[in-house]
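Enquirer: only geometry, no sequence info:
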């Protein structure tokens, strides 16, 4: 890895990056070396803070303020980019090396139309005049699957969907035909279908144009889709590096194995806990002695605590582990599950009794409709109505986990908010614990809050940044009159249950990691022993290792409290593993629902089949046909006539445009809204 090969496009040798200066400098990249040939794809994997983004940002010298390269070389086409003047660097950026950043919205100028931004590299590097650059930009957008590229060029970034914005960013990165593209988490915030489109696009560009790609992700399944080589980073350095097929088939570093085992898959029984990695990644300025992974490693020995292992050849890979040369790792130690939480009803001064005794159906939505009125964009035009929910009927029973899945804008979050009565419905009925709460308000609704609790997607935004964690967890207990001593005991109890412990009660939210803050949100939700919890995308922003911890915590919570849970997510791997039942939504409507294993193994609706085929699978999984949906979802303010999915459906016929299909039961507990349901598996 340290020397160059004939034809190497990029050679990074012993790269060191530090943040800060002088005695307070913290090294965030520690001696990274790799080679990348023309047309090769390298996947870079690791948890947040492992140094992935800092490593690739150093290549075109795009490090953030306060960070600098302190050692090593970055040779691109034989030229060390770390020593070239700024003018030469400006010639390389965009023309020869392009970057695709994670957040497409912040990558585009919000007050500048998309067209001029896409053509900018051609104009800036004098590769074409404005007219020719505009034509090339239209062709590039068309090649990337953006409909009506001429009109799209005139729109602003906020008028694009997330997938279209990401494709516009990729078009900007590729328009000058650079030999190297660096994609930093380009699919993290996208739906499974859009993620599949972006990965297929990057793979096609690599095959057809010979573009070399460095793809960064925290998900091994994503990088295995197109990468031929994978580098696994931990604490600022590579801990395993090798061919994708060999590395995933026989991981030799405990961290690589742990990342693979922490991912939900159909092979993992629902009754089994995911193999979550204990603890948190170390801070760059406070690395433990010896191997940085040893505090989290089940195989750590005395030598691991005293000396850091070198990155050495083992088989076809390079591995930094003292025991890698002994062969493949032994079976991981079995995890024991214990819980000390007491399930009890806090001493609440006022309670609400259900109208029917212990109803089996905790929540029922009956023909619920909710539209939002959009403000007029032009004078003298009729206001538009967003069809967030249209005639939705669902039932959640005691002890059931209902997973809600679908693309962004399908109405998942609106459904959850209506279920909690955080939003009123336009029509239909909501029954909770046997009573009609559709129009309930005032003190009656406040008392119902004791039995229904939300868990939000962004735990930091849902916590008071100035309040200690213990106070945030205790807030609902105060609201319902729990005595001081009982409240303190209950806060300690639920903090222990979610794996934080009472010592965190005095911490402020900014002192906790993302996974720890999400645990606080869960502790607050279960403090009152509710009957129903609605969790809205609670793990979408977390690393796969932290996701596994939170998924296990949800399973513990379900086992201990036997409550009803609505789990909203766009990740069908997680929904399948956690849910007992699944409802698939498209453009405000439920198109299929039933037992999760049945729906995932035998999808009946073409949209369900497309979602399932878009889920990335680790190399070596059973082969399957990838169903790539054309275009973007229709506008919820102007849904198509008939079946709303017909404009993207490969089986659509004339009747689909004329008659909306009804959600009808096809077998016990299984319903689908389709004129031509699939025959058992897509």
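Expert: Yep, that arrived. The structure presented is a predicted model; accordingly, all values stated were derived computationally and were not measured.

Enquirer: hey, let's count contacts and neighbours off CA atoms from now on
Expert: OK.

Enquirer: Can you point out the buried residues in the helix or strand bottoming out on mean pLDDT in the chain?
Expert: Lowest on mean pLDDT, DSSP states H and E among the helices and strands of the chain sits helix 104-107, with a mean of 78. By 16 or more other CA atoms under 10 Å, the buried positions in helix 104-107 come out as 104-105.

Enquirer: and the next helix-or-strand element following that helix, which residues are buried?
Expert: Using DSSP states H and E, the helix or strand that follows helix 104-107 towards the C-terminus is helix 114-124. By 16+ other CA under 10 Å, the buried positions in helix 114-124 come out as 114-123.

Enquirer: Look at the nearest residue to residue 236 once chain neighbours are set aside and tell me its secondary structure.
Expert: Leaving aside its sequence neighbours, residue 236 sits nearest to residue 29 (CA to CA, 6 or more residues apart in numbering; 4.2 Å). At residue 29 the chain is in strand, as set by DSSP: H, G, I helix; E, B strand; the rest coil.

Enquirer: Run through the bridge partners of residue 29.
Expert: residue 17 (DSSP bridges).

Enquirer: how deep is it tucked in, by neighbour count?
Expert: If you count neighbours by other CA atoms under 10 Å, residue 29 ends up with 29.

Enquirer: One more: the one 5 residues further on?
Expert: The burial metric for residue 34, expressed as a neighbour count using other CA under 10 Å, is 19.

Enquirer: so how far is residue 79 from the residue nearest to residue 236?
Expert: 21 Å (CA to CA, to the nearest Å).

Enquirer: Nearest residue to residue 239 in space, please, no chain neighbours.
Expert: Spatial nearest neighbour of residue 239, excluding adjacent residues (CA to CA, 6+ apart): residue 320 at 4.8 Å.

Enquirer: meant to ask about residue 473, not that
Expert: Leaving aside its chain neighbours, residue 473 sits nearest to residue 524 (4.4 Å; criterion: CA to CA, 6+ apart).

Enquirer: returning to what we had before: which of the buried residues of helix 114-124 sits closest to residue 163?
Expert: residue 114 (13.9 Å; CA to CA).

Enquirer: Pretty sure that closest one sits against residue 152.
Expert: Yes - the pair residue 114 / residue 152 is scored as a contact, 7.3 Å apart, by CA atoms under 8 Å.

Enquirer: Would you mind giving me the confidence score for residue 649?
Expert: Looking at residue 649, its pLDDT is 91.

Enquirer: how about the nearest residue to it, chain neighbours excluded?
Expert: In space, residue 649 is closest to residue 606, 6.9 Å off (CA to CA, 6+ apart).

Enquirer: Counting neighbours, what do you get for the one you found?
Expert: 25.

Enquirer: Could you tell me the backbone phi and psi angles at the residue nearest to residue 439 when sequence neighbours are not counted?
Expert: With CA to CA, 6+ apart as the criterion, residue 439 has its nearest non-adjacent residue at 7.8 Å, and that residue is residue 424. Dihedral pair for residue 424: phi -80, psi 150, per degrees, to the nearest 10.

Enquirer: Count the neighbours of residue 424 for me.
Expert: Other residues near residue 424 come to 16 when the count uses other CA under 10 Å.

Enquirer: what's near enough to touch it?
Expert: Contact analysis of residue 424 by CA atoms under 8 Å, 6 or more residues apart in numbering lists 370, 418, 438-439.

Enquirer: out of those, which is most surrounded?
Expert: residue 370 (23 neighbours).

Enquirer: Surely the residue nearest to residue 649 and residue 646 touch.
Expert: No - using CA under 8 Å, residue 606 makes no contact with residue 646, being 9.7 Å away.

Enquirer: thinking again about what came up before, who are the packing partners of the helix or strand containing the residue nearest to residue 473?
Expert: Per DSSP H and E, residue 524 falls inside helix 514-526. Counting contacts by 3 or more CA pairs under 8 Å, 6 or more residues apart in numbering; DSSP states H and E, helix 514-526 is packed against strand 452-455, helix 469-479, helix 484-497, helix 544-561.

Enquirer: just so I know, which of these lies nearest residue 210?
Expert: Per CA to CA, nearest to residue 210 of the helices and strands packed on helix 514-526: helix 544-561, 30.7 Å.
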